[in-house]
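Asks: quick one: sequence and predicted model below, then my questions.
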Amino acid sequence: MLHPSLRACAGIAACLLLGAGAARAGQPAATLIPDTPEHFTPRTDSFDYVKRDMMIPMRDGVKLHTVIVIPKGAHRAPIMLDRTPYNADEETSHTASAHMAEVLPSTFDAITAAGYIVAVQDVRGKHGSEGQYVNERPLRGPLNPTKVDHATDAWDTIDWLVKNTPESNGRVGMIGTSYDGMMVLMAMDDPHPALKAAVPINPVGDTWMGDDDFHGGAFRLIGYDYYYSQDTVRGSGDDLWRRAYDDYDTFLRAGSASDFTREYGVESLGFPQKLAAHPAYDAYWQGQALDKILATRPHKVPAMFVQGQWDQEDIYGAAAVWKATRGIDTAGEDRLVIGPWFHGQADRDGSAIGPIKFDGDTAAYFRRYIMQPFLDAHLKDDAPPASLARVTAYETGTNVWRAYPSWPAPGVQATPIYLQHGGGLGYAPEAARYGSLATAYTSDPAKPVPYRLRPIRPTYSTGSTWSQWLVDDQRIFSDRPDVLSFETDALTAPVRIAGFPQVGLWASTTGSDSDWVVKLIDIYPDEVANDPKLGGYELMISADIFRGRYRESFEHPVPIPPNAPELYRWTLPTADHVFLPGHRIMVQVQSSWFPLYDRNPQTYVDNIFNAKPGEYRAATQHVFDGGAHDSYVALPLLPISPAEAASPGAKPPV
């Protein structure tokens, strides 16, 4: 476009000549006009929303950056609040669009369609918010002597929102996934009166007992990637660098967990230091266990706890808080939803995980027909109650939604399925004329069992399939000499589980410490006509690790007596699944799951984070599978009625 001063020119060439001639004649040349104006205001008249960027003051004077997205013309609309360490600006700018449904992530698709106001806030010390960031900042008390925590920040934010958002009806709900879900749980510790509903999705409930950082006492090495990217800068940090393409090589060559942090510069970060200083379930971790904390508080906020059956990061929190808080929910307002999802998949497309397909988009169904009626009932003016069961679970195998009055489902019978000598698996223990039967293998820390097919890419690397590893085909491990497999014959009738499988493993080791991994697996028929690649597929339904030193107490570890049979008991993640006729049930047992979990040196040391190279030693493991010591997995069996067998299910009422 020509500047007005040049419009009289016949063309660009003429103008250039004119300018040159003027300069030769001693006259000033034409002014060069900048392309960027001092102030620019985009035209947003056609937008169906208004966006407000606010700094909301907290009680200690710190201001938290908050983006509020309001449907244009909203009147007496509820507010949904998400408090996040992951950048409120990005969460409210998914696309450049005139439509509110497009600028927000799919988490909010049903919420936006229902006319809600959405507020997304950077937590204290992250991105646009003031203050200091403390990763997983504890609630006020012995671990946090200050006057502020995430509960007070949520309280102050909600108070400001209801007083300064005239388009709202004064009712606020909170939603969040993962860390954001933990923010929801913390807000429930001391909730503002305007907080009327909460939806913690895959929340961090107890990071030692079974969420991000530890499982059964074993440390999850992949957490270092998160803390490196999250804690090195106020904004979004870089990915943690690597020396090798395969993480198996990276962590094996590094040595212990502390050796890795020193080599990669992670040891200077605060949270990794806390991890290494507190390897056991001591007062530091117990004081942050939100399932236990919330069970002692009055029930003030109806909550919908959302669990993913294949959540690779926080598979513990939702079901644990639900289970712990039943005693305070005397009015029966809370709900539990169990979906066939990886971590955060409830916010995305829920049609499949890897090669495992479901009946339509299960996540979209959850958001529209389960979550939204729950929110409307508590947040909208004069909304009718939602016709939702206390528990709604997607039953995999049959691929149908089920409605239950409680969880584990009523009528569940804890039924041991025994490891049988020779590789069998059945409801009757293996008999032995004298003593016990056992199967042996060598566990060598120099050659740990990988948790997935190598090469294993870093969690956050480009093209990583980290989110689907829990549904990886387990056949690749069945032939390893340090993995034991026990399986049933092909089933002639369906077997349904609806609850928490329990492990009772009798084992001995020549070492003085050991890890034990137990996997409950659904083996598909050799041929699957409608999906040939699933022929013989070994699908993990529930699996977890247990560190032997904690068999008596998670707080006070003790060595394992060498060569002595010991009983190891622990609970596997919850599952709602049917093993179909023609399938087989398998249990696998091993002693490492690397590099997801740090290697047990198999020599007792006070702190495995600091194990020395010479302390990593091979050990002979004996798993007892008959006679006086019967190892088993107690399945939460739920009988299938003839009517259900004939008509496998329907979507729950909404």
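Replies: That came through fine.

Asks: before we move on, what SS does the closest residue to Ile222 other than its chain neighbours have?
Replies: Spatial nearest neighbour of Ile222, excluding adjacent residues (CB to CB, 6 or more residues apart in numbering): Thr459 at 5.0 Å. For glycine as for every other residue, the C-beta is placed from the backbone atoms N, C-alpha and C. Classification of Thr459 using DSSP: H, G, I helix; E, B strand; the rest coil returns coil.

Asks: Thr459 and Asp225 touch, don't they?
Replies: Yes. If you go by CB atoms under 8 Å, Thr459 and Asp225 touch, sitting 5.0 Å apart.

Asks: low-confidence ranges in this structure?
Replies: Residues of the chain that meet the criterion pLDDT under 70 lie in 1-29, 645-654.

Asks: what is the longest helix seen in the chain packed up against?
Replies: For the chain, the longest helix by residue count, based on DSSP state H, is helix 150-164. Where contact means 3 or more CB pairs under 8 Å, 6 or more residues apart in numbering; DSSP states H and E, helix 150-164 is packed against strand 49-57, strand 63-71, strand 77-84, strand 117-122, strand 168-177, helix 179-187.

Asks: JSON lines please, covering the ones you listed and showing mean neighbour count and distance to Tyr550.
Replies: Below are the helices and strands packed on helix 150-164 laid out as JSON lines (neighbours: other CB atoms under 10 Å; distance: least, CB to CB, whole Å):
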{"stretch": "strand 49-57", "mean neighbour count": "16", "distance to Tyr550": "43"}
{"stretch": "strand 63-71", "mean neighbour count": "21", "distance to Tyr550": "39"}
{"stretch": "strand 77-84", "mean neighbour count": "25", "distance to Tyr550": "33"}
{"stretch": "strand 117-122", "mean neighbour count": "27", "distance to Tyr550": "37"}
{"stretch": "strand 168-177", "mean neighbour count": "24", "distance to Tyr550": "29"}
{"stretch": "helix 179-187", "mean neighbour count": "27", "distance to Tyr550": "24"}
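
Asks: how about these in JSON lines, adding distance to Thr207?
Replies: Compiled in JSON lines, the helices and strands packed on helix 150-164 are given as follows (distance: least, CB to CB, whole Å):
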{"stretch": "strand 49-57", "distance to Thr207": "28"}
{"stretch": "strand 63-71", "distance to Thr207": "23"}
{"stretch": "strand 77-84", "distance to Thr207": "17"}
{"stretch": "strand 117-122", "distance to Thr207": "21"}
{"stretch": "strand 168-177", "distance to Thr207": "15"}
{"stretch": "helix 179-187", "distance to Thr207": "9"}
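
Asks: which one, of the ones you listed, ends up nearest to Tyr597?
Replies: Minimum separation from Tyr597 across those (CB to CB) falls at helix 179-187, 21.2 Å.

Asks: and the closest one, what does it pack against?
Replies: By 3+ CB pairs under 8 Å, 6+ apart, helix 179-187 packs against strand 77-84, helix 150-164, strand 168-177, strand 195-201, helix 290-294, helix 317-324.

Asks: for the third one, what is the distance to the chain centroid?
Replies: Per CA atoms, centre = their mean, to the nearest Å, the displacement of strand 168-177 from the mean C-alpha position of its chain is 22 Å.

Asks: just to revisit the earlier point, can you lay out the helices and strands packed on helix 179-187 as CSV showing distance to Ser478?
Replies: Shown next, in CSV, are the helices and strands packed on helix 179-187 (distance: least, CB to CB, whole Å):
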stretch, distance to Ser478
strand 77-84, 41
helix 150-164, 45
strand 168-177, 34
strand 195-201, 34
helix 290-294, 35
helix 317-324, 29
